[in-house]
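Chemist: Provide a 3D model corresponding to the input given below.
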Amino acid sequence: GPIKVIVVDAERVPRMISAVRPDGVLYEALWVLVRRSGRPTALLKLPFMDGHLTAEHLAEHLDQAKEGSPEGTTEVLGPSSPVISVIVPTTLKRLDDLFLTLHSLESLDYPSYEVLLVDNRVEDHSDAPAWLERFPGVQLLTERRPGISAARNRGLAAASGELIAFTDDDVTVDPGWLGAIAQRFAANPNEACVTGFVLPRELETQAQVRLEQYYGGFGPRLLQPVSHRLKERPRGILPRPALIVEMDAAGNSLCTFSLYAAGALGMGANMAFRAAAVREVGGFDETLGVGMPSRGGEDLSMFVQLAWRGHSLGFEPAALVHHTHRRDDHSLRSQLEGYGKGFTAMLIALAAQEPRHLGAMLATVPRATRSLGASYWRKLKSSVPDGELEDESGIAGLARLELWGMACGPRAYWRSRRLAKGHRS
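Modeler: Below is the predicted model:
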């Protein structure tokens, strides 16, 4: 059933939260992202009682979530704050969502930023929607080469900011989004990239809820600021695995994971970079991403390349955006297949660009087999109630589809490579 998703600042708790949707149907549950002084401290999943939730009932849960609130960045930003260029690629197909994206960007609480909207329609050369005139601060750019990477690189070439932030045309950003990103960069000069918290904007349909069930969250759902850095690899004849160390603000190691499990570092809907670092890499790999046969992996490839070159990457939960998940089963299934293709296409692309990645990947195989194997085994064995037919968009069906996408990823990469080469010639 539908789930209501809201953000509540502990300093301004509403007197009552209603379970009634605009159409009169009741939400089955409530997700509350709790913030204190603008910083997320808890993600609560609560039932409604008698069609509402009172401030007293919510306060009980807020008190339980109060302890352990993470310490945040304390850098104060003023008129000299760095200019941030916000780049939004679009094919102008989700116009209602795009309108909400631009409206949220217009409401950002940050002193100096520009918004670059990149029209990535390859064949449709019709005029952009007239309502874009309502956003005079938006610069409209055009990139006719296919793929989100080409669109992002077009925006990168035109950007004037010291920092570059990327989001998508199905996202709304929190007013404090850029402020949190700038504070994180100011407090951590060794970090070349900052990603942030992605919360669903709505969970109205079964497909939207199913995505959350499948992944356990869209991007990292950490409530603690952390840094990621490539673990030093000892020299030797045998290939060594490439591992990322996750550290807290005090530099304590929290965990390690494979460099190629880059989804744990963040996602393209909420990522920002120092302009010099992303340009040093050469921008995004144009053989990867939505709009190309590879269907994805361009954001993960960028994270891997930066970490491989010795840069630190930060995760800042206060940098909050809201993502509109796919609303129907067909779109959800297409998305999962695309994620599978994008993942293995990314691995092939990295090895093609830098052969040393191949050795690190092979050394990571035993670890990846254990972790991925266990994860997919659980999903594939996901059961349905007795007497019911398995839903092809259920957890097991989605897992099979993602695995099929992984099997098709290498071929999709070579198709993307030929396509990208043809557009460059």
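
Chemist: could you pull out the buried residues of stretch 183-194?
Modeler: By neighbour count on 16 or more other C-beta atoms under 10 Å, the buried set for stretch 183-194 is 183-188, 191-194. Just so you know, the C-beta spots here come from the backbone N, C-alpha and C atoms, and that holds for glycine as well.

Chemist: can you list the residues you listed in TSV and add secondary structure, distance to Val86 and pLDDT?
Modeler: Output for those, formatted as TSV (DSSP: H, G, I helix; E, B strand; the rest coil; distance: C-beta to C-beta, whole Å; pLDDT from 0 to 100):
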residue	secondary structure	distance to Val86	pLDDT
Gln183	helix	16	96
Arg184	helix	16	97
Phe185	helix	14	97
Ala186	helix	18	96
Ala187	helix	21	96
Asn188	coil	20	96
Glu191	strand	19	98
Ala192	strand	18	98
Cys193	strand	15	98
Val194	strand	14	98
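
Chemist: and which of those is nearest Arg35?
Modeler: Gln183 (14.8 Å; C-beta to C-beta).

Chemist: check the buried residues of stretch 183-194 and tell me the two furthest apart.
Modeler: Spatially, the most separated pair among these is Gln183 and Ala192, at 16.0 Å (C-beta to C-beta).

Chemist: tell me the pLDDT of Ala276.
Modeler: With respect to pLDDT, Ala276 has a value of 97.

Chemist: if I look at it, how far off is Leu199?
Modeler: 30 Å (C-beta to C-beta, to the nearest Å).

Chemist: where does the stretch 251-400 of the chain have low pLDDT?
Modeler: 383-391 (pLDDT under 70).

Chemist: the same query, at a cut-off of 80, please.
Modeler: By pLDDT under 80, the low-scoring segments of the stretch 251-400 of the chain are 382-393.

Chemist: so between Ala276 and Leu199, which is more surrounded?
Modeler: Taking neighbours as other C-beta atoms under 10 Å, Ala276 and Leu199 compare with Leu199 leading, 22 against 10.

Chemist: partner strands of whichever strand or helix holds the more buried one, with direction?
Modeler: Per DSSP states H and E: Leu199 is located in strand 191-200. Neighbouring strands of strand 191-200 in its sheet, by DSSP bridges, are strand 271-274 (antiparallel), strand 312-323 (parallel).

Chemist: got the contact list for the first one?
Modeler: When you say that, I think you mean strand 271-274. Defining contact as C-beta atoms under 8 Å, 6 or more residues apart in numbering, one finds that strand 271-274 is touched by 84, 162-166, 181, 185, 192-196, 299, 302, 306, 319.

Chemist: once you drop chain neighbours, what's closest to Arg233?
Modeler: Distances taken as C-beta to C-beta, 6 or more residues apart in numbering place Arg240 nearest to Arg233, at 4.5 Å, with adjacent residues excluded.

Chemist: closest to Gly51 out of the strands paired with strand 191-200?
Modeler: strand 312-323 (24.4 Å).

Chemist: quick one: that closest one to chain centroid distance?
Modeler: Put simply, strand 312-323 sits 9 Å off its chain's centre (C-alpha atoms, centre = their mean, to the nearest Å).

Chemist: C-alpha coordinates for that strand, PDB please?
Modeler: Output in PDB follows, covering the C-alpha atoms of strand 312-323 (Å, rounded to 0.1, in the frame of the first residue of the first chain):
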ATOM      1  CA  SER A 312      38.900  11.000  -1.100                       C
ATOM      2  CA  LEU A 313      35.200  10.900  -1.600                       C
ATOM      3  CA  GLY A 314      32.800  12.200   1.000                       C
ATOM      4  CA  PHE A 315      29.200  11.300   1.900                       C
ATOM      5  CA  GLU A 316      27.200  14.100   3.500                       C
ATOM      6  CA  PRO A 317      23.600  13.200   4.700                       C
ATOM      7  CA  ALA A 318      22.600  16.800   5.100                       C
ATOM      8  CA  ALA A 319      22.900  17.200   1.300                       C
ATOM      9  CA  LEU A 320      19.300  15.900   0.800                       C
ATOM     10  CA  VAL A 321      17.300  15.300  -2.400                       C
ATOM     11  CA  HIS A 322      14.000  13.600  -3.100                       C
ATOM     12  CA  HIS A 323      13.900  11.100  -6.000                       C
END
